[in-house]
Structures are given as structure tokens and as C-alpha cells.
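In: Generate a structure from the sequence data that follows.
(chains A and B)
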There are 2 protein chains.
Amino acid sequence: MNLYEQSVRAKKALPQLRGLDAETRRNILLCFADRLLESTDAILKANELDIITGRESGIRESMIDRLRLDAKRIAGIAEGVRQVAALPDPLNRVLEERTIASGIHLKKVTVPVGVIGIIYESRPNVTADCAALCLMSGNACVLKGGKEAWNSSNAIAECMKAALREYGISEDAVMLADRVSHEETAKFMNDRENIDLLIPRGSSRLIRAVVDNARVPVIETGAGICHTYVEASADFDMAERILVNAKCSRPSVCNAMETMLIEKACADAFLPRIVRTMKENGVTMYGDERACAISNEILPAAEDSFDTEYNDLILNVGIVDGLDEAIAHIEKHGTHHSDAILTEDAEHAVRFLNSVDSACVYHNASTRFTDGFEFGLGAEIGISTQKLHARGPMGLQELTTYSYKLEGKGEIR
Amino acid sequence: MNLYEQSVRAKKALPQLRGLDAETRRNILLCFADRLLESTDAILKANELDIITGRESGIRESMIDRLRLDAKRIAGIAEGVRQVAALPDPLNRVLEERTIASGIHLKKVTVPVGVIGIIYESRPNVTADCAALCLMSGNACVLKGGKEAWNSSNAIAECMKAALREYGISEDAVMLADRVSHEETAKFMNDRENIDLLIPRGSSRLIRAVVDNARVPVIETGAGICHTYVEASADFDMAERILVNAKCSRPSVCNAMETMLIEKACADAFLPRIVRTMKENGVTMYGDERACAISNEILPAAEDSFDTEYNDLILNVGIVDGLDEAIAHIEKHGTHHSDAILTEDAEHAVRFLNSVDSACVYHNASTRFTDGFEFGLGAEIGISTQKLHARGPMGLQELTTYSYKLEGKGEIR
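Out: Residues are numbered from 1 along each chain as shown, chains lettered A, B, ... in the order given. Now for the predicted structure:
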């Protein structure tokens, strides 16, 4: 079955999905988790095949790492699915309810989006996460993962399909794309007839390619050039702790800090100290002229340094005159993901929180908190960096839309 | 100034707009309304110029009609602006607030989307409506209206700019595109750097062109192939009243019914009666084979009849076996705008409301109620027929997005 046919079939599965109550959706996911555990051997065998094929085709060892599963990771994947099943039902929530002037009774109710296409790379756990989140929110999905992980993803998807069959639900509700051509992918990204929403998950190159080539509405996720701005009034001990956490606790993720901005008034006092600490943590630093003039541990920034998401132990350092310049810098170079101000000046904190146009804006905390679990939303399908529909961590609720249901007694206009 | 430069300047106006409290935004709109009334003569003179130019270039008389303003219409436009100023402030609404596990205090707050591009046709009142709705929701806008109405729109936009100046706000917050080339428009629709959202308003051809050519996120509005399905259990007097209202009260608008579906079991009893009434109201009908077999007042439908938005006194008539076929027909031919069931069977009504995947789904009422004012949302910028961000009537609230504001005390992860 080609990708287009898979999309058509996913769409046909929607009416049946819409009819499922929360308990049935939860039970299917618990069954999915059971099937994952029971199929550990089969999944590991499929994973081994991916790893052998990957090695033969010469993919990098870091990618092999992301690809690799073991029994513990599979147990973790199953636990993640159970956690999704335990989340509050996002569907049929009444957002508004009132009798409108005409006498008609209006209810605004959450409903599934429809068919969600997810384009991702080589982590096989994404297959399970996305399948679980989409089913729990009443959506069908078409999953197009990296071909390096196809066998692993397919073994996982088969567990989901088995669970759907056990509850008499069409297994077309979860479609895993087979290794598809560029032409098929291009057609998929433009298939507004069958696909309601595209979510790319992965590198900024992947996301850019989807945004540039899709006619289907896209939610951009994950590109994070996150800033932390330190004012002279900041508690420097706190600042040091937060900055190290934001940069070093997990540099590969999108909510890690890429750029540190320091208010000029405290550059002499604070910069050498934080540079030393960053050095001790293995961080390479690139700075603007003013930063380089203060510390020769800082290398001169290239033209695009401040526009680069390193996802690594590399940090940009900029000196700014004050709040306005910091806000302007973030507007120019940021990705509207997560940005923080460290200050004891309450008025400046409020101005920063109100002026920086990002999904998540922090005062005196690490940007690393931008995460569905941390926010109390449960598992997330991604972190939106765009402004329509959903911003920041996207959990189950963000995979729904709404519909107005209107009950009349013969009203005419 | 070309359209790209206008977009850049609109974006630069955003920080100032974000700083305006509700009272200032309201006052600017009241001032705009005053300026519109005071400038009635100037606007009418500009309008006369558009009409003369339009006649010379041979545009249709129906378009001249849409273009034409008089003192009463200008007073109506000013009143519409005042009504927007009287609406509840959509900004800074706290959607969620809680302390998350880490101890950080989280607030999810409504904020403006940014720069909204609106592409529309020849009704000059759209210029005033959009400028008012965007300003009240804290957004800048770039308005690209039909060139036939340029002088009228410009005279209206000048009133808005005068009001902005009076309050010390950059007049770049409201930009009216001058007559622009196709190349400029294409660049505008792909300018993700400066434009956050595109809303096309007008014919389905215009909307299609924007959707097909834009990289900027688009909200589709207004395409309405609305259905009303009549079951054998319906109150036929009520049904007749609703059907005539849905088709005939204002056939040119998107919430008017285009297709009537009748349950087979009542076709013999009800169809001849409603066909007679529709005839009396000047409606031309096209039907499927079963409908044509019952009434020879119904002409045979062409292949695309059921996929056509007539916006006229023309109606498709289909006979269906029952509820499931009706739902399937609407899924196949509808535009997810507004669809209704007329029935006294409560269980069928619930199934219809839950299964039809449209922005607005009615039981025993006319689809004509899909409207921002009728829903109590106030003026609308359009009726969304897509699923992301907003569905159905889009008022002020739907022109906002949200941001997470997080207050910490030094938390790290």
C-alpha cells in the first residue's frame, strides 16, 4: 500500500474513532502496552536488523545510539503508553455553553482534529508515543519515520494494530509509512484531502523542509534558540546555577540555552565568573566584541553564531546595554521557544514577560522546564514554536479542535 | 513603499502595540469612528472615483453595488467600529494558572498573534472591520484589498492612521497595500519573517489561490457548502420554515444551505411539498436520480452539482436511505462549515451532532445562524472552515494566541 492509499484509509477510520468513549480508548492503550512487553523479543530482533543494516550503510554511531532499543527501553516505552492512557480525556470537553439570543442552545465542545501526519527521524520510541497520543485524542495518524528505524517502528506499530483489532477497531487508525519515495512524501505533504495536520519532529532541516513544501497545515516544533538574559540586579549565585543548568543539563534538547545575554553594567563583575564555570563544564563560548574584550576564553562569534541552534556544549555570549536591547536581540535571533530573564527588578521582569514574544517566558528559572511533563500536561507530541493553534508543549489537549453543537426548536433567522 | 516594506514596518510596530492597555485600544477605535464620520465627504469622493474608474474598466454592475458607499453606510461602518471597541478585551486573559511540580508559578495568558495579513476583495467596509478587529486584539495588520476599491479603502485607512497618530501610536500598525503586482503578492504570502497569519476573505477562487501559494499559515474562511438533512420523524411544518430560511433568507452568504438531503422514508410525503415552496421562492433545484423521479420540477444534477457553492437561489436535492448515508454524503461533499439535521428522533440528533465533522452542527435550526454576532462573539473577521486554531465564526478572541509566563525563584531541572 502506498502512502496515499494509507492516508485515504486512515481518513476512513475516523468515523469509528469518533465513536469511541474514553474508557475504550484507554483500554486499547493498556492493551498496546501489554503487547509491547510481550513482543519484546520480536521488537529487539527487528531493532537488531535495523542496526545491522544501519552499520552496513555506514550511518554514524550517534545515530545507531538513538536507534538502539533494549528490554529496559521497551519497558519504558510501554510505561509511557500507560501514562497517556491515565491522562484526562481531552475529548467532549465543554469549552463554552450558553443559550444565544435566538434561543438556540450553543455548546462549544472539543473534538479530534482528524488525520495527523507525523514526519520524524530515527527514534523508534516516537512511533509508540505518537500512536498513543493520537489514539487517546481520537485522531487517526499516518507515521512517517526514518527509514533506518523502519523494522523497529514496524514491530511497535504491529503491537498497536493488534490492540486495535482486539477492540474491533480498524487497524487503519494507525498507519506506518513503508519506505517511501520523495515523490510520495511530497504528495503526502500536500494531501489536504486526507491529512488535517502535519507535525514534523526532528532536526531544523527536517522541519524547514516540511514547512517549505507542505500545503497541509503544519505545526512547527522544536527549533529552540533559547536565551537567558542576566541583569545587574540578579542574584549571581542563582544566576550561575540557572545558567549552568540551562546550558549543560541536557545540551542536545530544544529547551537548552543557546545564548546568554549579560547586562553591560554587570559584565565586568559577572562575566569572568560565569565563563570560568562554563569552561569547567566543558562549554565552548562564542561572543560579540564586547564579550570577547572582557574574557579571552570567549572566541569571536561568526556572523551566524547567534542564529545557530547548537544542541551541544556551545554557548553564544552577548553583552547588551539593558532590557530593551535584550528584548530586541531575542526578537531578532530567537525562535519564539523559551527565553528567560534573571533579575531582582520586578518591574523589569514584568516588562520582559510581556514583551518577549515566545511560547514560554521565564523569570528566575531555567528554560529547561519547557516540557509537557514539567508543565503538568503529560506526554507531549512536540513543542510548538509557532503561533497558531498551540504554543509550547503540545499534549493531548493540543491535538484536539472544537465544534459548535447547536440545539434548536425550529429557530430561523 | 512596496508591500514587503509595509510588512517589515507593520512588524516593527508590534512592540508598541503590545504595550497598549485595553482602554487605549478602545479610545483609538472610538476616535477612528469619529474620524470616519467627520470624513464622510472625503470618503464618498474617493468612493465616487472608484466607481467611475470601475465603470470605465467595465466591471460588473453587481460589483459596483458592493463597492458603493453612501453616508448611511459610512455611519454603519463607524457604528461597527464602536461595537468592536465595546467588546471584552481579548488580551491578557488568564487561561490557566497553577504552580507546577518544580515550584514555578505558571500562567497561560492570551497575547496578540502579531502581524495579520488580510487578502480581500472589493467591499471597502472590510478595511474598517479588519483594522478595528486587529487593533483591538493587539495585532498589526497589512490589508490587501481589491484594487477596484483602493481609493475608498485608502480614505478609510487614513481615518484609522489619524486616530493612531492622535494617541502617539505608529501608523504602521495598520498598513493598506497599494495596488501591488502579482510578484509582490506572491512574496507577501510567503513572508514568514514578517507575517504571522494570512486570512483570505472572499470568493472560493481567492481562498484557493492563497492556500495554494502561501507558506505563511492561512486560515481558510467562508467556503460554505452547507447541508440540511430532513428525517421522516421531522416536524414538517418546522422543516419547511427552516429550509426556506436556510436557502432563501440571504442566498449569497456562506451559511446559506446549498444542499437539502431528505430521508427516503419521507421523500414521497415531504419532497413535493418543499419543492413547491422552494419554487414559489424562486429556487432552481438540481437533484439526484431518486429526487428527480419524485418531482419533475427538479432538474438532473450535473457531476459537480453537489460540490458547488452556488451563493444563489439554487439548491441541490438528494434522497438518502437514512442517517448514515446523510453523514457520509456531508463528509464527502461538505466544506466543514455548517450542517443541520431536522428530526424529532433525539438519538439520531445526538449521533448527527457527534459525527458530522463541521465547525457548526445544528439540530432543528437554520444554518444561517453561523455568525459572530448571532453566537454572541461580536464582529467577526471571517468564518473558519478549517480545523486548526479556530473554527466557525472568528471574533476578537480567535485573533489571539497564548504565551506561558513562568515565575521562578531560582528553579533548575
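In: quick one, strands of the stretch 301-413 of chain A?
Out: Assignment of strands within the stretch 301-413 of chain A using DSSP state E, counting those that start in this stretch yields the ranges A:314-320, A:338-342, A:360-365, A:382-384, A:392-394, A:400-411.
In: Packing partners of the second one?
Out: Just to be clear, that refers to strand A:338-342. Contacting strand A:338-342 under the criterion 3 or more Cβ pairs under 8 Å, 6 or more residues apart in numbering or on different chains; DSSP states H and E are the following elements: strand A:226-230, helix A:236-248, helix A:323-333, helix A:346-355, strand A:360-365. Quick note: C-beta positions are derived from backbone N, CA and C, even for glycine.
In: Same question for the last one.
Out: In terms of contacts (3+ Cβ pairs under 8 Å, 6+ apart), strand A:400-411 is packed against strand A:105-112, helix B:236-248, helix B:346-355, strand B:360-365.
In: What are the contacting residues of that strand?
Out: Residues outside strand A:400-411 that contact it (Cβ atoms under 8 Å, 6 or more residues apart in numbering or on different chains): A:90-91, A:95, A:102-113, A:137-138, B:235, B:238, B:241-242, B:349, B:353, B:357-366, B:369-370, B:375, B:387-388, B:391-392.
In: and what of the fifth one?
Out: Applying Cβ under 8 Å, 6+ apart, the external contacts of strand A:392-394 come out as A:219, A:221, A:338, A:359-360, A:370-372, A:374-375, A:377, A:380-384, B:404.
In: what do you get if the cut-off is 6 Å, keeping everything else the same?
Out: A:359, A:360, A:371, A:372, A:375, A:377, A:380, A:381, A:382, A:383, A:384, B:404 (Cβ atoms under 6 Å, 6 or more residues apart in numbering or on different chains).
In: And the fourth one, how close does it get to chain B?
Out: Okay, so that is residue A:372. 11 Å (Cβ to the nearest Cβ, to the nearest Å).
In: which non-adjacent residue is nearest that residue?
Out: In space, not counting the residues next to it along the chain, residue A:372 is nearest to residue A:380; the distance is 2.9 Å by Cβ to Cβ, 6 or more residues apart in numbering or on different chains.
In: Also the last one?
Out: Computed as Cβ to Cβ, 6+ apart, the closest residue to residue B:404 that is not its neighbour in sequence is residue A:360, at 4.4 Å.
In: cool, the fifth one as well?
Out: Of all residues beyond its chain neighbours, the one nearest residue A:375 is residue A:393 (5.3 Å), with distances taken as Cβ to Cβ, 6+ apart.
In: What is the burial count for the one you found?
Out: Other residues near residue A:393 number 27, with proximity taken as other Cβ atoms under 10 Å in any protein chain shown.
In: Show me the beta-bridge partners of it.
Out: Beta-bridge pairing of residue A:393 under DSSP bridges involves residue A:383.
In: and residue A:310, what is it in contact with?
Out: The contact partners of residue A:310, taken as Cβ under 6 Å, 6+ apart, are residue A:258.
In: Quick check: phi and psi on it?
Out: With angles defined as degrees, to the nearest 10, residue A:310 shows backbone torsions of phi -80, psi -40.
In: residues in contact with residue A:145?
Out: Counting by Cβ under 6 Å, 6+ apart, residue A:145 has contacts A:120, A:127, A:153.
In: Among the contacts of strand A:392-394, name the buried ones.
Out: By neighbour count, with 16 or more other Cβ atoms under 10 Å in any protein chain shown, the contacts of strand A:392-394 hold A:359, A:360, A:371, A:372, A:375, A:377, A:380, A:381, A:382, A:383, A:384, B:404 as buried.
In: about what we covered before: quick check: which of the helices and strands packed on strand A:400-411 is buried the most?
Out: Scoring the helices and strands packed on strand A:400-411 by mean neighbour count under mean count of other Cβ atoms under 10 Å in any protein chain shown gives strand B:360-365 as the most buried, with a mean of 26.
In: For chain B, see how far away the closest residue to residue A:396 other than its chain neighbours is.
Out: The shortest distance from residue A:396 to any residue other than its chain neighbours is 4.2 Å, reached at residue A:90 (Cβ to Cβ, 6+ apart). Noted for residue A:90: a distance of 14 Å to chain B, by Cβ to the nearest Cβ.
In: dump the residue contacts of residue A:90.
Out: Taking Cβ under 6 Å, 6+ apart as the definition of contact, the neighbours of residue A:90 are A:137, A:396, A:397, A:400.
In: could you give the mean pLDDT of stretch A:354-369?
Out: When pLDDT is averaged over stretch A:354-369, the result is 97.
In: burial measure for residue A:21, as a count.
Out: By the measure other Cβ under 10 Å, the count of residues near residue A:21 is 11.
In: I meant to write residue A:218 there.
Out: Using other Cβ under 10 Å, the number of residues around residue A:218 comes to 24.
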